[in-house]
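**Student:** Build the 3D model from these lines:
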Amino acid sequence: MASNAAVPEAEEKHDFADFVIVGVTALALAFTTLFLCIMPLASFAGGRDFVVFWATGQQLAHHASPYDADAMMRTERAAGFAPEVGVLYMRNPPWGLPLAFPLGFVGWQAGALLWSLALLACQMFSVRILWRMHGRPRSCLHWLGVSFAPALLCLLMGQTSLFALLGYVLFLDLHRRRPFLAGASLWLCAMKPQLFLPVAMVMLAWILLSKSYRLLAGVASAMAASCAAAYCIDPGAWTGYARMMRTAGIENARIPCLSVALRFWLAPQAIWLTYLPVALACAWALGYFWLRRHTWDWMKNGSLLLLVSLLTAPYSWVYDDCLAIPALLQGAYSTRSRILLAVLAFASVGMSAELLLGIKIPTFFFLWTTPVWLAWYLLAAKIMGMRPGRIEAQAAEAQESVA
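**Tutor:** Model (predicted):
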């Protein structure tokens, strides 16, 4: 009788924990949605990164170079960029120009609304796919992905990281049954190639070992089509991009990621230090894959790989952490610790509050974010007794116990 009485009590605690998680995450999402609704009408809307993509589209639509400093500066100022900001460029590789091209045919306010809706759709669709891939659980844990603070920041700034998230989630969903489409979806990940370097190394090795050549054909076809489209839109795009990357002074920017912080702390002039963490991560990733090559599962083994890729990226901002959503949801669906889930929810909401309230935060303060998501995932795996390399065995045991 005592054991039967304990079951409702445990369920009540879980229900209360779920209520807390939904409450705090829904609050963050509600505030972000409100900001997105008033953003096109607000005076501070011109401070969003979206303006750079809109200005790029304007240049392309008028058959002008998106790397023309004077023209870009005039367009960005007209949309509200402050003079002290300086000229900014779309730093995504030229194969991403077709993504910004349609923005050249609308005003910046209409463009901001459409761009925000597209990003929001990417986030919602990605979370729904992940929810379906995990067996459509009845829990409310998908709210952790919907209201994840870096994703909300990506929405507010109008950045392209959520496009990359959708591309990676589509790959996870399609790589077994639609390999060509899975490969084509990786074009969206190529919008932010610096975030996927260890993942790309392992993916190439996996393609060769598994002979997934249809997936490779999908990647090649999508990249060839986007490069051809970029050339038709702007034949001088690659030349202008190379010149911009040489002269924009990106190497002097204090970007809040581990690689840049390491260089500034040890030897600011040693540019090679920026690439040391990702080089070590690539070597580790190949070893990690090789030990699991016969049982490799992208949904399970790829979670740790993607988090390490984000941690060691040579160039990333806090909104790029939205790519951690697949790994964090996988950990959330696996762990039974409501305390651990609440910690993730409150960490995300606390970060959202700082951003939405306009609290002035030093740039390097955000160095904590990616290590925290990685540590949380490892702790979730450890609590469930599923070290990253043994997740498959844990899943098989769970299925046998249910049967």
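
**Student:** Distance of residue 265 relative to residue 373?
**Tutor:** As judged by CB to CB, to the nearest Å, residue 265 and residue 373 stand 22 Å apart. All C-beta atoms are positioned from the backbone trio N, CA, C, and that covers glycine.

**Student:** Of these two, which one has the most company?
**Tutor:** The neighbour comparison of residue 265 against residue 373 (other CB atoms under 10 Å) goes to residue 373, with 25 against 10.

**Student:** hang on, the more buried one packs against residue 328?
**Tutor:** Yes. With contact defined as CB atoms under 8 Å, residue 373 reaches residue 328; the gap is 6.2 Å.

**Student:** can you pull the contacts of residue 57?
**Tutor:** When contacts are counted by CB atoms under 8 Å, 6 or more residues apart in numbering, residue 57 touches 100-105, 111.

**Student:** In JSON lines: those, plus neighbour count and pLDDT.
**Tutor:** As requested, those are exported to JSON lines (neighbours: other CB atoms under 10 Å; pLDDT from 0 to 100):
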{"residue": "100", "neighbour count": "25", "pLDDT": "94"}
{"residue": "101", "neighbour count": "21", "pLDDT": "95"}
{"residue": "102", "neighbour count": "15", "pLDDT": "95"}
{"residue": "103", "neighbour count": "23", "pLDDT": "94"}
{"residue": "104", "neighbour count": "20", "pLDDT": "93"}
{"residue": "105", "neighbour count": "11", "pLDDT": "94"}
{"residue": "111", "neighbour count": "24", "pLDDT": "88"}
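
**Student:** What is the nearest of those residues to residue 324?
**Tutor:** Taking CB to CB as the measure, residue 324 sits nearest to residue 100 out of the contacts of residue 57, at 25.2 Å.

**Student:** Check the secondary structure at that closest one for me.
**Tutor:** helix (DSSP: H, G, I helix; E, B strand; the rest coil).

**Student:** Start the count at 19 instead of 1 going forward.
**Tutor:** Shifting the count to begin at 19 puts that one at residue 118.

**Student:** Now do it against residue 127, distance only.
**Tutor:** Computed as CB to CB, the residue 118 to residue 127 distance reads 16 Å.

**Student:** Show me the shaky parts of the stretch 319-421 of the chain.
**Tutor:** 367-368, 370-384, 402-421 (pLDDT under 70).

**Student:** What ranges does it have for its helices?
**Tutor:** In the stretch 319-421 of the chain, the helices defined using DSSP state H, counting those that start in this stretch lie at 319-330, 343-352, 356-374, 387-401, 409-420.

**Student:** Just put these in JSON lines and tack on distance to residue 295.
**Tutor:** Formatted as JSON lines, the helices of the stretch 319-421 of the chain follow (distance: least, CB to CB, whole Å):
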{"stretch": "helix 319-330", "distance to residue 295": "4"}
{"stretch": "helix 343-352", "distance to residue 295": "18"}
{"stretch": "helix 356-374", "distance to residue 295": "23"}
{"stretch": "helix 387-401", "distance to residue 295": "11"}
{"stretch": "helix 409-420", "distance to residue 295": "25"}
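
**Student:** Mind checking these for the one nearest to residue 272?
**Tutor:** Set against residue 272 and scored by CB to CB, these come closest in helix 387-401, at 15.7 Å.

**Student:** how much does that closest one deviate in direction from helix 343-352?
**Tutor:** Calculated by axes from the mean of the first three to the mean of the last three CA atoms, to 10 degrees, helix 387-401 forms an angle of 30 degrees with helix 343-352.

**Student:** Next, the buried residues of helix 387-401.
**Tutor:** Buried residues in helix 387-401, defined by neighbour count with 16 or more other CB atoms under 10 Å: 387-388, 390-392, 394-395, 398-399.

**Student:** chain center to it: distance?
**Tutor:** Its chain's average C-alpha position is 17 Å from that of helix 387-401, according to CA atoms, centre = their mean, to the nearest Å.

**Student:** which other helices and strands contact that helix?
**Tutor:** For helix 387-401, the elements it packs on are helix 319-330, helix 343-352, helix 356-374, judged by 3 or more CB pairs under 8 Å, 6 or more residues apart in numbering; DSSP states H and E.

**Student:** between those helices, which gets nearest to residue 184?
**Tutor:** Across those, closest to residue 184 is helix 343-352 (CB to CB), at 10.6 Å.

**Student:** Counting by contacts, list what that closest one packs against.
**Tutor:** Helix 343-352 is packed against helix 126-151, helix 160-164, helix 179-192, helix 319-330, helix 356-374, helix 387-401, with contacts defined by 3+ CB pairs under 8 Å, 6+ apart.

**Student:** now the ones you listed in a markdown table, with distance to residue 305?
**Tutor:** As requested, those are exported to a markdown table (distance: least, CB to CB, whole Å):
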| stretch | distance to residue 305 |
| --- | --- |
| helix 126-151 | 27 |
| helix 160-164 | 30 |
| helix 179-192 | 22 |
| helix 319-330 | 11 |
| helix 356-374 | 28 |
| helix 387-401 | 18 |
